[in-house]
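Engineer: Need a 3D model of the following:
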Amino acid sequence: MWDAPLPRTECARSTPTVTLDSTTRITAARRRRLLGLGVVLALLVVAVAASVAIGAQPLGLGQIRHALLDPTGSDADRIVRELRVPRTGLALIVGIALGVVGALIQAHTRNPLADAGLLGLNAGAAFLVVLAIHLFGLTASSQYLWFAFAGSFLASIVVFGTSSIGNGKASPLSLALAGAAVTFFLQAMTNAVVLSNTIALDTFRFWIVGSTAGRGLDVFWQVLPFLVVGVVIALATTPSLNTLSLGEDVARSLGTNVALSRGIGILAITLLAGGATAACGPIVFVGLVVPHIARAITGPDYRWLVPYAGLIGGLLLLIADVIGRVVVRPSELQVGIVLAIVGAPFFIAIVRRRKLVSL
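Structural biologist: Presented below is the predicted three-dimensional model:
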């Protein structure tokens, strides 16, 4: 028997309630995002100050202010202006780039366990760095930086082109499979070169661990334009990421050019991952963990998630860099090692606490 329709009075009463509940949820989500943004920015300021102050020689706020505003060439001035400030700035922009890259890759591959290594970008950078050291004898990071960037760019072209063979569309599954194949091949080629050249092995071993130490302002200014352009492109593509998260068929029905959106996304990923890897070497776990932290605050809206991931990535890298200077003082532990030690159990905890669904 058919249910009797609700009286008009009951419908009129229920409709405002639903609207009010929806408005309340939207307001609560917006308040949570704004509050979280304020907390992240405050922590970021503290992390920047700690990065400049903490090291083998601790510095007070008065010494830092003197070095920045009225330098006289003292040892403290040189430490701040020539070592700490360039290192802090590089850690900040590289962390932002890696956080944004992680969010983009997980969105385009729809894989919650994806990072820059999945698409072969790190392997491409490593292979050309080894070739540059082996063939041309380059030893300074500012010298082989462009080879690392070119390696990431070429690897992205190969992965994107290979995944598009057949039906002409790069699906999330084909991107992941092509990235894995390219990564394994390039790693084998890298090992072959490294094992045949002792000098290449020593230099490569310092680069591959991932570090912000020993990079001056020249490296910072070289990678900054690529990272800025990559972030701008990434932020511009966030509306299409929201549509792609509904599935390719739904995205097409809503008028989204999936191939174009994915191509622009791959360009942003290449600029960001290539620049970050070229500057500091492959740094793991930032692009893997950070998007999950951001998603817990912002929800699935990529218009908020992508900038949040960038800010949290910069914060995480700065904190890890400071920890590396403290735990084995007066020596230091590279930031890549710190993140591997801290990031692995942290990510396992995330997986155990909440079920990771497909993106």
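Engineer: Point out where the chain drops to low pLDDT.
Structural biologist: 1-22, 166-170, 350-351, 353-359 (pLDDT under 70).
Engineer: Spatially nearest residue to the most centrally placed residue in it (excluding sequence neighbours)?
Structural biologist: Central residue of the chain (Cα atoms, centre = their mean): residue 98, 1.5 Å from the mean position. For residue 98, ignoring the flanking residues on the chain, the nearest one in space by Cβ to Cβ, 6 or more residues apart in numbering is residue 286 at 4.1 Å. Heads up, the C-betas are built off the backbone N, CA and C, glycines and all.
Engineer: What count of nearby residues applies to the one you found?
Structural biologist: Counted with other Cβ atoms under 10 Å, the neighbours of residue 286 add up to 31.
Engineer: mind checking how far it is from residue 25?
Structural biologist: 31 Å (Cβ to Cβ, to the nearest Å).
Engineer: In contact with the residue nearest to the centre of the chain, which residues?
Structural biologist: 116, 272-273, 276, 283, 286-287, 290, 313, 317 (Cβ atoms under 8 Å, 6 or more residues apart in numbering).
Engineer: so can I have TSV of those residues showing distance to residue 225 and secondary structure?
Structural biologist: Formatted as TSV, these follow (distance: Cβ to Cβ, whole Å; DSSP: H, G, I helix; E, B strand; the rest coil):
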residue	distance to residue 225	secondary structure
116	19	helix
272	12	helix
273	15	helix
276	13	helix
283	20	coil
286	21	helix
287	21	helix
290	23	helix
313	19	helix
317	20	helix
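Engineer: Mind giving me the packing neighbours of the one helix or strand residue 261 maps to?
Structural biologist: Element membership of residue 261, judged by DSSP states H and E, is helix 258-280. Contact analysis of helix 258-280 by 3 or more Cβ pairs under 8 Å, 6 or more residues apart in numbering; DSSP states H and E lists helix 85-109, helix 121-136, helix 141-163, helix 217-236, helix 238-244, helix 248-253 as its packing neighbours.
Engineer: and residue 64, how many neighbours does it have?
Structural biologist: 19.
Engineer: so it makes contact with residue 54?
Structural biologist: No: using Cβ atoms under 8 Å, residue 64 is not in contact with residue 54; the gap is 10.9 Å.
Engineer: Go through the contacts of residue 98 and name the one nearest residue 201.
Structural biologist: Minimum distance to residue 201 across these is 20.4 Å, recorded for residue 283 (Cβ to Cβ).
Engineer: The closest one and residue 276 touch, don't they?
Structural biologist: Yes: with contact defined as Cβ under 8 Å, residue 283 reaches residue 276; the gap is 7.2 Å.
Engineer: Looking at those two, which has the bigger crowd around it?
Structural biologist: residue 276 (38 against 30).
Engineer: Could you pull up the residues touching the more buried one?
Structural biologist: 94, 97-98, 101, 116, 223, 227, 283.
Engineer: which two of those residues lie the greatest distance from each other?
Structural biologist: 116 and 223 (14.7 Å).
Engineer: Which one's more surrounded, these two?
Structural biologist: More crowded of residue 116 and residue 223, by other Cβ under 10 Å: residue 116, with 31 against 26.
Engineer: how about that one, what does it touch?
Structural biologist: 98, 101-102, 105, 122, 269, 273, 276-277, 282, 287.
Engineer: Give the closest residue to it in space, chain neighbours not counted.
Structural biologist: Using Cβ to Cβ, 6+ apart, the closest residue to residue 116 is residue 273 (4.2 Å).
Engineer: my read: that neighbour touches residue 152, true?
Structural biologist: Yes: using Cβ under 8 Å, residue 273 is in contact with residue 152, at 5.7 Å.
Engineer: Those two: who's more crowded?
Structural biologist: Using other Cβ under 10 Å as the criterion, residue 273 and residue 152 rank with residue 273 on top: 33 against 29.
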